[in-house]
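Chemist: Please work out how this folds:
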Amino acid sequence: MKNIIAIVSTVFIIGLMVYTFSNGRAFQGGEAGNIIEDMKYIDTPKTVETVETKEQKNEDEEKLKALRDKAGNSGTFEVSNAYKSKCASCHGVDGSGEQNGKKLMGPKLIGQEEAVLYKDLVDFKAGRKENLIMKGLLINLEDEDLKNFAKEIAGFKAKQEALNQ
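Modeler: Take a look at the predicted model:
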């Protein structure tokens, strides 16, 4: 029985080899290899920048700047890395709910009291206030983390006033 399986396998493999050979050399170049070889000689000017390329670069730079601002790299005031990673993209780096004059997804937080902020965070985490994004961000945080967020955000108004003076 082993001999029969070995013979059938050998015939099958030889058949595949013949089929591949008759269709052209698949991995040794063939027609596809000629196309790739021809592509090496296509002359494309790489030093000439078009107006469209410059406009695209400006758009890319603006997008990059917006992402940096959204992540908390703006020149407002210092916030914790935890706030930057969890809150800044929706509520703004300074808790204003705006970034570069545009309204963000989250509401304004600046000026709210610590107790109110803490209660809201606990309610979002527990599901008493419905917001899947907030619940997802807070679900793995401890009570102490929520208190720290509330304390930090409550201090934003004082930091903003200090900057304006």
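
Chemist: low-scoring stretches of the chain, by residue?
Modeler: For the chain, the stretches with pLDDT under 70 are 24-52, 54, 64-76, 165.

Chemist: quick one, helices of it?
Modeler: Secondary structure of the chain (DSSP state H): helices at 2-22, 30-39, 51-71, 81-86, 88-91, 114-126, 132-138, 143-154, 156-164.

Chemist: Comparing those, which comes out most buried?
Modeler: When you average the neighbours per residue for each of the helices of the chain (mean count of other CB atoms under 10 Å), helix 88-91 leads with a mean of 20. (Each C-beta comes from the backbone N, C-alpha and C, glycine too.)

Chemist: Who are the packing partners of it?
Modeler: Other helices and strands packing on helix 88-91, by 3 or more CB pairs under 8 Å, 6 or more residues apart in numbering; DSSP states H and E, are helix 51-71.

Chemist: Apply 10 Å and report the result again.
Modeler: Applying 3 or more CB pairs under 10 Å, 6 or more residues apart in numbering; DSSP states H and E, one finds that helix 88-91 contacts helix 51-71, strand 98-99, helix 132-138.
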